[in-house]
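Q: Next come a sequence and a model predicted from it.
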Amino acid sequence: MTATLEQTATAGTVRQELLNVRNLDVSFSAGRGRNARLNHVVKGVDLRLAAGECLAIVGESGSGKSVTARTLVGLPGANAAVQAERLELAGHQIGTLGERQWRQLRGRDIGFVLQDALVSLDPLRPVGKEIEEALRLHGWGNRRSRAAKAVELLASVGVPQPELRAGQRPDELSGGLRQRALIASAIALDPRILIADEPTTALDVTVQAQILELLGRMKERGTGIVLISHDLSVVATLADHVAVMQGGSIVEQGPARHVLYHPQHEYTQALLDAIPSEHTKGTPLTKDGRARITATSRRPRTARPADAPPVLRAEGLVKSYQGHDGAVRTVVDDVSFELRAGETLGIVGESGSGKSTTAKIALAMLEPDAGRVLLDGAAWTGISTAARRSRRRSVTVVYQDPLSSFDPRWNAERILLDAISRRDFPGEAERAARVLELAGQVGLQVEHLAKHPLQLSGGQRQRLAIARALAPEPEVIVLDEAVSALDVSVQAQVLDLLTDLQQELGLSYLFISHDLGVIHHMSDRVLVMKDGRAVEQGSAEDVFNRPRHPYTRELLASLPKLGLAPGQRTPAAAATPTIGGSSS
């Protein structure tokens, strides 16, 4: 790394070095006896960070970045062997610390934000109590002051109604609210260094902007931040230095503007090229992708006449729920839209905007309180399950987390077999051939079919989910945050796959996302939702380039921008800023 990290001067003041890592290696032992093997996941990593700076570590899943982060807080995992020439953090030689010493450091000197807030938070305890516990363990305040501080911290990270939320358990909060509560707990004692592993992955663009602003203020107060992320737009907003990891090693490292605007390594260039934005619309995000066979429909598709009804039409949808406090809240309020054959309608909005509930109504998984949905001009909601059954195959879904929708006891082959109609494929040989065909269409290999979901990577699981959705040969696929959990390069492969399948099969997509870059790249038309209402809709070009509603303009203004056009490696005043949101 450059010498500026050893001794950073600002206004004549030398910044204290908070992190000095030299030749870090982390390995995991697996198996026993003759089957014992060593898995080397972090190899020769050097990192340095000064107070008031942000070091971003970027790379795909499996690159070693999260293991590096966990090692820096003394949580490398079971069977881990850690070696380093130098391992200093916040003035402590952490390579020799025992667990008791680590407990004293975590929270006080070192804050740590994990990616998966649902797992990280105690499911039986209100989030306010979780934050209070972090304060109590280090002797901060009394019971009353700790409770007040917890509410204050929740408010500081953008949690609405912080007094109410402090009393709620994690399962009563959205993913974004859980993540904000976790960040509040991590910064409760204003640590000298904060290690944040994908802290904005689950957040909407406006809340993400609040968190980035909060982290920016912490930097100004002298906090050192190690940001683990695969979202290069977020990295560009906050980082002073960037380290790019691939296969456990750092392949490129330096000042953020050099790495992001003048990348030297081909892997860094590939990560940048894979970011979906306004500039990538209509072009592949990956150069080659994964080998797959061309998708063909077994069901004859006739050309739709010009006056044919939309594939899916929603008219005045309304849906309300009664909360735990007895109050009735309207989560979808008079929403209407049309989805035409072969097009993509993107629905964008924050958590709680009603977009996922709208998707469930479109899937006929929920009945609206008012309004209706028509499929090919015929009633789709408001009819009996039996009346809907013969057409159920026409509308399928791909979720954000396919793992939770798979039976963990089944391997990929069994999952696909279960989705294949016995009426269309009555023979075992026909069904086996159909499984191979579906796998080939989404780029899965034969060896993947024998694996269970937990044995597949995130990208492979999402390909399996898409193959399952294709099995009934639908007209419409609802994609509910279907790429938000994927690394930028894997996300690019899946988006290219979806585009190819749409062109080959004439599919219509209802694409739900809070990622504006993905929405712009994929959508023909866009519907913007806020507080259950459709505040704006129109062509993607009009909504993104000529937004009419103040909320749409607020969303676009909150979007972190990398500032690169295709092929452009240096920022130029004349270039249109890239719209590239959270690629998580």
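A: Received the coordinates, thanks.

Q: Now do the strands in the stretch 451-584 of the chain.
A: Ranges of strands within the stretch 451-584 of the chain are 476-480, 508-513, 525-530, 533-539, based on DSSP state E, counting those that start in this stretch.

Q: export those to CSV and tack on distance to E132?
A: To be clear about C-beta, it is placed using only N, CA and C from the backbone, and glycine gets the same treatment. Output for those, formatted as CSV (distance: least, C-beta to C-beta, whole Å):
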stretch, distance to E132
strand 476-480, 34
strand 508-513, 35
strand 525-530, 33
strand 533-539, 37
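
Q: Compare those and give me the one nearest E17.
A: Between E17 and those, the shortest gap by C-beta to C-beta is with strand 508-513, which sits at 40.1 Å.

Q: hey, C-alpha coordinates of the closest one in PDB?
A: Taking Å, rounded to 0.1, in the frame of the first residue of the first chain, the C-alpha atoms of strand 508-513 are listed here in PDB:
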ATOM      1  CA  SER A 508     -42.800 -11.400 -19.200                       C
ATOM      2  CA  TYR A 509     -41.100 -10.300 -16.000                       C
ATOM      3  CA  LEU A 510     -42.500  -8.500 -12.900                       C
ATOM      4  CA  PHE A 511     -39.100  -7.400 -11.500                       C
ATOM      5  CA  ILE A 512     -39.300  -6.300  -7.800                       C
ATOM      6  CA  SER A 513     -36.100  -4.600  -6.500                       C
END
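
Q: strands paired with that strand, and their directions?
A: Taking DSSP bridges as the criterion, strand 508-513 forms sheet pairs with strand 344-349 (parallel), strand 476-480 (parallel).

Q: Out of those strands, which one sits most buried?
A: Among the strands paired with strand 508-513, strand 344-349 has the highest mean neighbour count (mean count of other C-beta atoms under 10 Å), at a mean of 27.

Q: Now do the strands in the stretch 101-250 of the chain.
A: Along the stretch 101-250 of the chain, counting by DSSP E, counting those that start in this stretch, strands occupy 110-113, 193-197, 224-229, 241-246, 249-255.

Q: Most tightly packed of these?
A: Of the strands of the stretch 101-250 of the chain, the one with the most neighbours on average (mean count of other C-beta under 10 Å) is strand 224-229, at a mean of 26.

Q: now the angle from it to strand 241-246?
A: Interaxial angle of strand 224-229 relative to strand 241-246 (axes from the mean of the first three to the mean of the last three C-alpha atoms, to 10 degrees): 40 degrees.

Q: What mean pLDDT does strand 224-229 get?
A: Mean per-residue pLDDT for strand 224-229: 94.

Q: With stretch 502-514 instead?
A: The pLDDT scores in stretch 502-514 average 93.

Q: Go through it and flag the buried ones.
A: Applying a neighbour-count criterion of 16 or more other C-beta atoms under 10 Å, one finds 502, 505, 507-514 buried in stretch 502-514.

Q: How far away from the center of its chain is it?
A: When C-alpha coordinates are averaged (C-alpha atoms, centre = their mean, to the nearest Å), stretch 502-514 and its chain have centres 19 Å apart.

Q: Determine how far the last residue of it lies from the first.
A: Using C-alpha to C-alpha, to the nearest Å, the end-to-end distance of stretch 502-514 comes to 21 Å.

Q: Quick check: end-to-end length of stretch 168-181?
A: 11 Å.

Q: neighbouring contacts of that stretch?
A: Applying C-beta atoms under 8 Å, 6 or more residues apart in numbering, the contact partners of stretch 168-181 are 117-118, 121-127, 130-131, 154, 157-159, 165, 199-204, 207, 211, 324, 350-352.

Q: residues of it that come out buried?
A: 168-170, 173, 175-181.

Q: related to what we said a few turns ago, any chance of a ChimeraX selection covering the buried ones in the contacts of stretch 168-181?
A: Buried residues among the contacts of stretch 168-181 (16+ other C-beta under 10 Å), as a ChimeraX selection:
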select :117,121,126,127,130,131,154,157,158,159,165,199,200,201,202,203,204,207,211,350,351,352
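
Q: So T283: helix, strand or coil?
A: Using DSSP: H, G, I helix; E, B strand; the rest coil, the structure places T283 in coil.

Q: any idea of the pLDDT on it?
A: Model confidence at T283, expressed as pLDDT, equals 86.

Q: That one and H521, how far apart?
A: Noted for T283: a distance of 9 Å to H521, by C-beta to C-beta, to the nearest Å.

Q: between the buried residues of stretch 168-181, which is closest to R463?
A: Of all these, G175 has the smallest distance to R463: 22.7 Å, by C-beta to C-beta.

Q: for H40, what are its contacts?
A: H40 neighbours (C-beta under 8 Å, 6+ apart): 25-27, 248.

Q: repeat for G282
A: By C-beta under 8 Å, 6+ apart, G282 has no neighbours at all.

Q: Which one of the strands of the stretch 451-584 of the chain lies nearest to E367?
A: Among these, strand 476-480 sits nearest to E367 (C-beta to C-beta), with 16.3 Å.

Q: Residues contacting that closest one, please?
A: Here strand 476-480 makes contact (C-beta under 8 Å, 6+ apart) with 311-312, 339, 356, 359, 362-363, 375, 394-400, 469-470, 498, 507-513.

Q: mind listing which of those are in helices?
A: Counted as lying in helices by DSSP state H, out of the contacts of strand 476-480, are 356, 359, 362, 469-470, 498.

Q: can those go into CSV with extra columns for neighbour count?
A: Below are the ones in helices among the contacts of strand 476-480 laid out as CSV (neighbours: other C-beta atoms under 10 Å):
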residue, neighbour count
S356, 22
A359, 21
A362, 29
A469, 24
L470, 23
L498, 23
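
Q: Got the phi and psi for the nearest residue to E17 once chain neighbours are set aside?
A: Using C-beta to C-beta, 6 or more residues apart in numbering and skipping residues adjacent in sequence, the residue nearest E17 is A50, 5.3 Å away. When quoted as degrees, to the nearest 10, the phi and psi of A50 stand at phi -100, psi 160.

Q: looking at it, A50 is touching G224, isn't it?
A: Yes: taking C-beta atoms under 8 Å as the definition, A50 is a contact partner of G224 at 6.6 Å.

Q: Give the residues shared as contacts by those two.
A: Common neighbours of A50 and G224 (C-beta under 8 Å, 6+ apart) are L18.

Q: In the stretch 151-300 of the chain, where is pLDDT below threshold?
A: 175, 202, 288-291, 298-300 (pLDDT under 70).

Q: Also the stretch 451-584 of the chain?
A: Across the stretch 451-584 of the chain, the ranges flagged by pLDDT under 70 are 563-584.

Q: just the helices in it please.
A: Remark: helices assigned in the stretch 451-584 of the chain by DSSP state H, counting those that start in this stretch are 458-470, 488-505, 516-522, 540-545, 550-558.

Q: ranking those by burial, who's on top?
A: Using mean count of other C-beta under 10 Å, helix 516-522 ranks as the most buried of the helices of the stretch 451-584 of the chain, with a mean of 27.

Q: Does that one pack against any helices or strands, and if so which?
A: Helix 516-522 sits against strand 344-349, helix 488-505, strand 508-513, helix 540-545, with contacts defined as 3 or more C-beta pairs under 8 Å, 6 or more residues apart in numbering; DSSP states H and E.

Q: 10 Å instead?
A: Packing partners of helix 516-522 (3 or more C-beta pairs under 10 Å, 6 or more residues apart in numbering; DSSP states H and E): strand 344-349, helix 488-505, strand 508-513, strand 525-530, helix 540-545, helix 550-558.

Q: contacting residues around the closest residue in space to T381 that isn't next to it in sequence?
A: What sits nearest to T381 in space, not counting adjacent residues and going by C-beta to C-beta, 6+ apart, is V373, at 4.5 Å. By C-beta atoms under 10 Å, 6 or more residues apart in numbering, V373 lies in contact with 312-315, 317, 337, 358, 361-364, 367, 379-382, 395.

Q: if you set the cut-off to 8 Å instead, what comes out?
A: Contact partners of V373, counting by C-beta under 8 Å, 6+ apart, are 312-315, 317, 361-362, 364, 380-381.

Q: All good on my end, thank you.
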